[in-house]
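>>> I'll drop the sequence and a predicted model, then ask my questions.
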Amino acid sequence: MKKAILIVCILIFSFKSYAVDIRYLLDALKKQPITKINSLMVKQAEIGYKKSTDNFYPSISGSASWVHYNSPTNLRPATPTENSRIGATSGSYPFSRNIKQIGVEVKVPLLVFPLFEISKKALELKRSASKKEKLEFIRNEATVVVLNAELEYLDKLKEALISEIGRLKKQRDILKVAAKNGKVAPISVFKIESVINSLKIKIDDIETSKNRVLSAMYTLTGVELRKAANMELIQNPKGSDFLPIKPIRHQLEAKRYAVKAKEAELLPKIYLSGNIYRKFGRSYNTNDPVIRNYGSIGVFLSIPIFNKPLYSDIELAKSDYVKTKFELQQKLRELKSESKELKKDLAVVNRSIQLAFKDVEYKKRLLEYAEVAFKVGRMTEEDYLKYVSDLLTAKANLYKLKMKKWEVITKLAVIFGNDLKELVR
């Protein structure tokens, strides 16, 4: 029973290690720290926008103080009639050397033009962060697909090398018997052995490359693979707009509002300000406790008359806006050129893959002919090994073209903003 459970566990582990498709990896990517970091960047941008709109709300603060004066000071201004009444009744004047107070202060922006532009700027930055998050995620998806394509290329190449090593070993064994019987020179065996060793060295190089790819895949997805995940193209990338320029567009708008915000600093600002305090002290003439409430409310107009650094800030903001505008134009031109080139490359690669398939089939037939000719002594070891090498080269070229096709597909997906889960399965 224990053995059966162990076998089931091994099968489950093997299934998780091997029966993995590309969508499983793309789903795993969503749960990784690199994706969560980008999501937090959007969250921070949203908080930045909320903070900019919070500036429209009143600011309310409490205060408390204790102040000692070198001469009696009034808790609040007293009118002449109040002072006359206190003097007539021999009361306590609201003057004290030590005054304590508690109170509340309120400030409300009524018309502050820069706040409107700052909030619009923050909104554009939030939108830019959202587009950038999508762009970065698709780029990571593309990296996962390319890594898987490279892993598939290495697996196929390794299979081809192992297959040819098996073929060569059969020929070597036949030559050993022939050499033992004196029908061929022993050097023929050595030539085959040398090629087998060279192919084994290539397999070791492939294993090193696989370890690098598997490590990169684990870093991105958190999934430990042993071989390439199953992957098939459903449809080619398509679109009319370019995703990489969308964050820059929103950044450009944000910088336009930044210029307007700086210019708005030159306009008047209107605030409503109010406060109320409760003050405590001891009257200087009777030493009795005195308490007074004192408050005010008013509308204040602030007019900037001269602020030399502000003009420099405006020029700097305008320069940054123009710089980003040119960067957007340059990026758009680059993406148009790159997308056209990649579409042409995709057509060429598809055509080359078809030709490479045919080339592999031809090389297989030629090698079959070479094997027969070599067995009957009508072909030298060098010529036979050349046919073996030609087949390996043809297979390697085919696998490399397939990998290149995935590279082109993923680049187009990033440019057009296509989710890779919609293109592959």
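Looks like it arrived, so ask away.
>>> Against residue 242, how distant is residue 252?
The spacing between residue 252 and residue 242, counted by CB to CB, to the nearest Å, is 14 Å. No exception for glycine: its C-beta is placed from N, CA and C like everyone else's.
>>> typed the wrong thing, it's residue 170
Separation of residue 170 from residue 242 (CB to CB): 55 Å.
>>> Residue 231 contacts residue 148, correct?
Yes. Here residue 231 lies in contact with residue 148, judged by CB atoms under 8 Å, at a distance of 5.8 Å.
>>> Identify the contacts common to these two.
Common contacts of residue 231 and residue 148 (CB atoms under 8 Å, 6 or more residues apart in numbering): 22, 406.
>>> So between these two, which is more surrounded?
Set residue 231 next to residue 148 and count neighbours by other CB atoms under 10 Å: residue 148 wins out with 27 against 18.
>>> who does the host helix or strand of the more buried one touch, helix- and strand-wise?
Applying DSSP states H and E as the criterion places residue 148 in helix 113-180. With contacts defined as 3 or more CB pairs under 8 Å, 6 or more residues apart in numbering; DSSP states H and E, helix 113-180 has these neighbours: helix 22-30, helix 33-54, helix 187-221, helix 246-264, helix 308-375, helix 381-416.
>>> So which elements touch the longest one?
Going back to what we said before, that points to helix 308-375. With contacts taken as 3+ CB pairs under 8 Å, 6+ apart, helix 308-375 sits against helix 113-180, helix 246-264, helix 381-416.
>>> right, so of those helices, which gets closest to residue 219?
Closest approach to residue 219 among these is made by helix 113-180 (9.8 Å; CB to CB).
>>> and the angle from the closest one to helix 246-264?
Interaxial angle of helix 113-180 relative to helix 246-264 (axes from the mean of the first three to the mean of the last three CA atoms, to 10 degrees): 160 degrees.
>>> any low-confidence regions in the stretch 1-150 of the chain?
Low-confidence segments of the stretch 1-150 of the chain, defined by pLDDT under 70: 1-19.
>>> next helix or strand past the helix or strand residue 81 falls within?
Counting by DSSP H and E, the element that carries residue 81 is helix 80-88. Using DSSP H and E, the helix or strand that follows helix 80-88 towards the C-terminus is strand 95-111.
>>> buried residues in that following strand?
Neighbour counts over strand 95-111 (16 or more other CB atoms under 10 Å) mark 95, 96, 99, 101, 103, 109 as buried.
>>> likewise stretch 175-185?
Within stretch 175-185, the residues that qualify as buried are 175, 176, 178, 179, 184, counting by 16+ other CB under 10 Å.
>>> At the geometric centre of the chain, which residue do we find?
Note on the chain: the residue nearest the mean C-alpha position is residue 136, at 3.4 Å, using CA atoms, centre = their mean.
>>> correct me, but that one touches residue 38?
Yes. Contact criterion CB under 8 Å: residue 136 and residue 38 qualify, at 4.9 Å.
>>> and this protein, what are its domains?
20-57+130-266+308-422, 58-111+268-303 (automatic domain parsing).
>>> just how off-centre is the longest one within its chain?
Offset of domain 20-57+130-266+308-422 from its chain centre (CA atoms, centre = their mean, to the nearest Å): 18 Å.
>>> swap in the shortest one?
Remark: domain 58-111+268-303 is offset 56 Å from the chain centroid, using CA atoms, centre = their mean.
>>> Quick one: end-to-end length of it, please.
End-to-end distance of domain 58-111+268-303 (CA to CA, to the nearest Å): 21 Å.
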